[in-house]
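K.L.:
Got a predicted structure here, sequence first:
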Amino acid sequence: MKPEVQPNKIVVLSGAGLSAESGLPTFRDANGLWNNFSLEEVATPQGWAANPEAVLAFYNERRLSAYQAAPNAAHQAIAALDAAYDVVIITQNVDGLHERAGSRNVIHLHGQLAWARGTSPLPKRYRIDAAPVSLGQLCEDGTQLRPNVVWFGEDVQHMDEARQHVASAARVLVVGTSLSVFPAASLVKAARGRAQKVINSLAMKRVPFGFTFLPGKATSIVPALVQTWLEQAR
Ligand code: APR
């Protein structure tokens with residue numbers, strides 16, 4: 001059963017490209033993380049089992065970089081939409097920059113660097129901001145602490161809720177994602193025919209059906225689009 005489209009609802013689906021101009025690396029661009037690290041070694045349960053210290057070091061460095069980064073004009077423009085629209089942000093990013101720009105309604109599909117969790121089936125989560133996690137550092141249930149980030153092969157969080165939000169949006173903005181990782185990428189299919197659908201990125205192998213592609217840097221494309229949407233709300 002598809003939900004009603006809410007005229008005042010905007011959903012933003014964001015990826016690493018949104019934070020590129022905050023100085024944080026993407027994954028698949030020229031100097032992306034997966035060109036410099038083996039994702040099998042640092043972002044899978046198998047990598048964790050084989051060498052947890054390498055995984056902890058990888059995320060400790062990313063957590064510190066994210067904490068030292070600042071939201072950019074695109075994050076801030078997206079946060080400004082809250083003043084006139086019912087905005088839901090569905091992000092693949094783990095850097096926390098949407099919240100730091102002031103966005104209030106953020107759904108994290110892939111977890112958050114600023115949190116750590118235990119390794120039991122029902123783990124406890126701890127806010128650690130930029131603090132490193134070391135081998136031997138235990139959760140209160142006695143299990144090893146790990147990054148509160150979703151690895152390849154692990155369940156992505158909040159997908160049903162995210163799909164419902166996309167299906168009920170009158171406007172969908174996809175920004176800074178190659179749409180190459182599922183199930184997150186499948187969310188574009190939930191966007192309704194009658195919704196205004198826009199995707200901003202530097203390049204897209206394939207533009208999702210029904211979406212208008214706006215090529216360019218997020219810090220120039222997104223503020224201009226937001227300005228138009230804010231004027232339409234008046
Ligand atoms: N402005 C707009 N878009 C940009 C910019 C920029 N300044 N810089 C890069 N991009 C675009 C690229 O063109 C590309 O389409 O951002 C996208 C980045 O794609 P990826 O590196 O694949 O990042 P993402 O789509 O977020 O990856 C999804 O893969 O490894 C997993 O969990 C990880 O959440 C991540 C997921």
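P.N.:
Ah, there it is. Numbers count the residues shown, from 1 in each chain.
K.L.:
ok, the nearest residue to residue 110 once chain neighbours are set aside - contacts?
P.N.:
Spatial nearest neighbour of residue 110, chain neighbours left out: residue 150 (4.5 Å); criterion: CB to CB, 6 or more residues apart in numbering. Quick note: C-beta positions are derived from backbone N, CA and C, even for glycine. By CB atoms under 8 Å, 6 or more residues apart in numbering, residue 150 lies in contact with 109-111, 156-157.
K.L.:
The ligand: which of those is nearest?
P.N.:
Closest approach between these and the ligand, by CB to the nearest ligand atom: residue 110, at 4.7 Å.
K.L.:
Number of residues surrounding that closest one?
P.N.:
Residues contacting residue 110 under the criterion other CB atoms under 10 Å number 20.
K.L.:
Ok, the one 3 residues further on next?
P.N.:
Using other CB under 10 Å, residue 113 has 24 neighbouring residues.
K.L.:
In the host helix or strand of it, which residues are buried?
P.N.:
If you go by DSSP states H and E, residue 113 is part of strand 111-117. For strand 111-117, the neighbour count (16 or more other CB atoms under 10 Å) marks 111-117 as buried.
K.L.:
Tell me where the longest strand sits in this structure.
P.N.:
Counting residues, the longest strand found in the chain (DSSP state E) is strand 6-14.
K.L.:
Without its sequence neighbours, what residue ends up closest to residue 196?
P.N.:
residue 171 (4.7 Å).
K.L.:
What does residue 185 show for phi and psi?
P.N.:
Main-chain dihedrals, residue 185, degrees, to the nearest 10: phi -60, psi -20.
K.L.:
Any idea how many residues pack against it?
P.N.:
Around residue 185 sit 17 other residues, with neighbours defined as other CB under 10 Å.
K.L.:
What are the neighbouring residues in contact with it?
P.N.:
177, 179.
K.L.:
for the helix or strand following the strand holding residue 113, packing partners?
P.N.:
Later in the chain than strand 111-117, the nearest helix or strand by DSSP H and E is strand 125-127. Packing contacts for strand 125-127, counted by 3 or more CB pairs under 8 Å, 6 or more residues apart in numbering; DSSP states H and E, involve strand 111-117.
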